[in-house]
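**Q** Dropping a prediction and its sequence here:
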Amino acid sequence: MHAVSSAASSSPSSESDEGADSASLPKRQLLSIRSTTPVQTRNAKILKSVVPGETIPVDMKFHNKTYICTHSGTPRTGRGRGKRPHLHSRKISCPAQINACVRHAGEWEVLITGQKTGHNHEVSREVYNHYHESRQVFDEAVLATIHTLTRTGANRKRILENITQNTSVEPQMKDVRNLCARLRRESYAFPTIEERIRAILEDFSSKPGNVTRVYANEEVL
């Protein structure tokens, strides 16, 4: 499966894009999903049609998706007259949007049916890294390593170095602190030191080439 585009940009780049340094790092922008149509829903309509067409493979999961900028929409206004201090909304009516759907043209492909690429705010790598979501670690292998480092008492600086060396994420120290706190809460499933040591050794032995033996009551487990 591959992606193709059938719609040109419907709006020009913002002034902040045009004035950006050409030597800067690639720009990024956080998008969210506004709406989707699952494959099952689309297939049900296809089968009910007068002339049923080809159904979409279930592993495609979605027939179409609409992506919008994280700054899309307008902030909700409360019923009260007052305004809470330090309460800001990302929503500033950014028009950027991407519409995509799947189609079969010899092979299944993702078709970009519509796009508005112009933003009404600055778009840069620096701004992107300010978003909390962009600084999260989702790689399962890296999370497993961090979990092991946390159990063995590694400091946050070492964990931060591990993340930056093995992912493209650029977390701040507060992100590492929050991640370690979450992993420690998950470690409460091993209340005793013996169980924690066993869990650490099991993590170690799960790597290719590593072998461990756990002795309990003079028995090899």
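**A** It's in. Remember, predicted model here, so these are calculated numbers, not experimental data.
**Q** Arg125 and Arg28 touch, don't they?
**A** Yes: Arg125 is in contact with Arg28 according to CB atoms under 8 Å; the separation is 6.0 Å. In short, each C-beta sits where N, CA and C put it, glycine included.
**Q** the more surrounded of the two?
**A** The neighbour comparison of Arg125 against Arg28 (other CB atoms under 10 Å) goes to Arg28, with 16 against 13.
**Q** tell me the pLDDT at the closest residue to the more buried one other than its chain neighbours?
**A** Nearest residue to Arg28 in three dimensions, chain neighbours excluded: Tyr128, at 4.1 Å (CB to CB, 6 or more residues apart in numbering). Here the pLDDT value assigned to Tyr128 is 83.
**Q** if I look at Tyr128, how far off is Asp203?
**A** Distance, Tyr128 to Asp203, by CB to CB, to the nearest Å: 32 Å.
**Q** hmm, back to that, could I get the contacting residues of the residue nearest to Arg28?
**A** 27-30, 134 (CB atoms under 8 Å, 6 or more residues apart in numbering).
**Q** Any chance of the residues you listed in JSON lines with secondary structure, pLDDT and distance to Asn155 as columns?
**A** Output for these, formatted as JSON lines (DSSP: H, G, I helix; E, B strand; the rest coil; pLDDT from 0 to 100; distance: CB to CB, whole Å):
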{"residue": "Lys27", "secondary structure": "coil", "pLDDT": "56", "distance to Asn155": "33"}
{"residue": "Arg28", "secondary structure": "coil", "pLDDT": "76", "distance to Asn155": "29"}
{"residue": "Gln29", "secondary structure": "coil", "pLDDT": "79", "distance to Asn155": "33"}
{"residue": "Leu30", "secondary structure": "coil", "pLDDT": "79", "distance to Asn155": "30"}
{"residue": "Ser134", "secondary structure": "helix", "pLDDT": "82", "distance to Asn155": "24"}
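**Q** Against Pro52, how distant is Ile197?
**A** 60 Å.
**Q** typo on my end, Arg158
**A** Spatial separation of Arg158 from Pro52 under the definition CB to CB is 59 Å.
**Q** same thing with Gly209?
**A** Gly209 is 54 Å from Pro52, by CB to CB.
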